[in-house]
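K.L.:
quick one: sequence plus predicted model below, questions after.
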Amino acid sequence: MIIEQIMAKDVATLSPEHTLLDAIDLCKKQRIRHIPILSEDGLLAGIVSDRDLKDASPSIFHLQDHMDELKKPLKSIMKTDVVTAHPLNFVEEVSAIFSEHRISCLPILKYGKLVGMVTESDLLHTFVQLTGADQPGSQIEIKVPNVSGKLSEVSGVFQKRNVNISSVLVYPDQDQKSKILVFRVQTMNPSLVISDLVKEGYTVLWPNVPGLST
């Protein structure tokens, strides 16, 4: 899945000359936490978060005496070293960018122009959909040797039972000699397929059904 499929395209923006008060009002009205700042020629000049606004704003206990601080231009507080991505980047690649840079939003640029925004919530929602965790079903975790062809072999066991697979995740085991296959399947009673897996010699880690999983 590419990031263009999940990004928000109707993005609220401001200019460097807008004030802190403008940004605070926009955040409240749009219920957003980040505002891209665009220059006159439409290029991304920076970004302002609700935390930036909070840090730069006067305390509510001294607000009346420091109203002028809310008239400061956003160019005085905006972050200019902005990490960005392209709409054709894969969701997995963008997730790695979020993790590496420890950011909570990412402007999406095409030919230097802002075309969308992606947030942590967007990514989380997407991964829930990709794993099928939002659909009725069961999760089965199987430990197999870390050799080629095992995924196909295990999938064949599900096929024999006519059990539809919603998603598959693969990650290495701690010993690096094995890998864990995580299947999300469209059945609420996986006991029969678990029995088949055990008979085929596979180690079922989850669900741990007494008499079947070992």
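P.N.:
Thanks, I have it.

K.L.:
count of neighbours near the closest residue in space to K113 that isn't next to it in sequence?
P.N.:
For K113, ignoring the flanking residues on the chain, the nearest one in space by Cβ to Cβ, 6 or more residues apart in numbering is G42 at 6.0 Å. Glycine gets a C-beta too; all of them are placed from N, C-alpha and C. The tally of other residues near G42 (other Cβ atoms under 10 Å) stands at 11.

K.L.:
and the gap between V128 and Q135?
P.N.:
V128 is 10 Å from Q135, where distance means Cβ to Cβ, to the nearest Å.

K.L.:
let me see the backbone angles for I180.
P.N.:
The phi and psi values for I180, taken as degrees, to the nearest 10, are phi -110, psi 130.

K.L.:
wait, it sits on V154?
P.N.:
No. The criterion here is Cβ atoms under 8 Å, and I180 misses it with V154 at 11.3 Å.

K.L.:
need the residues touching each of those two.
P.N.:
I142 (Cβ atoms under 8 Å, 6 or more residues apart in numbering).

K.L.:
and the residue nearest the centre of the chain, what element?
P.N.:
The chain has L123 as the residue nearest its centroid, 2.0 Å off, counting by Cα atoms, centre = their mean. Assessed by DSSP states H and E, L123 sits inside helix 120-131.

K.L.:
what's the answer for D22, then?
P.N.:
helix 20-30.

K.L.:
kindly report the same for S152.
P.N.:
Going by DSSP H and E, S152 is part of helix 150-160.

K.L.:
cool, and V115?
P.N.:
strand 113-119.

K.L.:
what's in contact with stretch 75-92?
P.N.:
By Cβ under 8 Å, 6+ apart, stretch 75-92 touches 1-4, 6-7, 16-17, 20, 37, 44-49, 52-53, 55-56, 93-94, 97, 101, 103, 106-110, 115-116, 118, 123, 126-127, 130.

K.L.:
could you list the buried residues of it?
P.N.:
For stretch 75-92, the neighbour count (16 or more other Cβ atoms under 10 Å) marks K75, I77, M78, V82, A85, P87, N89, V91 as buried.

K.L.:
C-alpha coordinates for that stretch, CSV please?
P.N.:
Coordinates of each C-alpha in stretch 75-92 appear next as CSV, following Å, rounded to 0.1, in the frame of the first residue of the first chain:
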residue,chain,number,x,y,z
LYS,A,75,8.1,32.2,11.3
SER,A,76,9.5,32.9,14.7
ILE,A,77,8.6,29.5,16.1
MET,A,78,8.1,27.1,13.1
LYS,A,79,10.4,24.2,12.6
THR,A,80,12.1,24.6,9.2
ASP,A,81,14.0,21.3,9.1
VAL,A,82,11.0,19.3,8.1
VAL,A,83,11.1,15.5,7.3
THR,A,84,8.9,14.8,4.3
ALA,A,85,7.8,11.9,2.1
HIS,A,86,6.5,11.2,-1.4
PRO,A,87,2.9,10.0,-2.1
LEU,A,88,4.3,6.9,-3.8
ASN,A,89,6.3,5.8,-0.8
PHE,A,90,5.1,2.6,0.8
VAL,A,91,3.3,2.7,4.1
GLU,A,92,6.1,0.5,5.6
